[in-house]
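J.: Sequence and predicted structure, then a few things I'm wondering about:
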Amino acid sequence: MARDYGLTFRVEGELRTLYRDGLGIDLARFNGDESWELPLTSTFVIDRDGTIVYASADPDYTVRAEPHEVVAAIPEI
């Protein structure tokens, strides 16, 4: 699904070597294909009509949506 929405990035070059050889993480095996893709950190709040009322996505995995922002975006029931 992340790929369908353009929310992935490819692990390339030295980082791929570090993942595979240094950390023992084989994304090709884990993903079941040769894409070497990972999803971006992302959070969405979607209302009952299918409208995105809050979106957060960042290539830096340490940047996350703040919980108070996500809660504030949730529509009243």
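T.: Sure, I can see it.
J.: quick check: domain ranges of this protein?
T.: 1-39, 41-77 (automatic domain parsing).
J.: Make TSV from those and add mean neighbour count and mean pLDDT to it.
T.: (C-beta placed from N, C-alpha, C; glycine too.) Listed next are these as TSV, based on neighbours: other Cβ atoms under 10 Å; pLDDT from 0 to 100:
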stretch	mean neighbour count	mean pLDDT
domain 1-39	12	92
domain 41-77	12	92
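J.: Could you pull out the helices in this protein for me?
T.: 13-17, 27-31, 67-73 (DSSP state H).
J.: Which of these sits closest to Pro59?
T.: helix 13-17 (12.5 Å; Cβ to Cβ).
J.: outside of that closest one, which residues touch it?
T.: 27, 36 (Cβ atoms under 8 Å, 6 or more residues apart in numbering).
J.: And that helix, how far out from the chain middle?
T.: Chain-centre distance of helix 13-17: 19 Å, with Cα atoms, centre = their mean, to the nearest Å.
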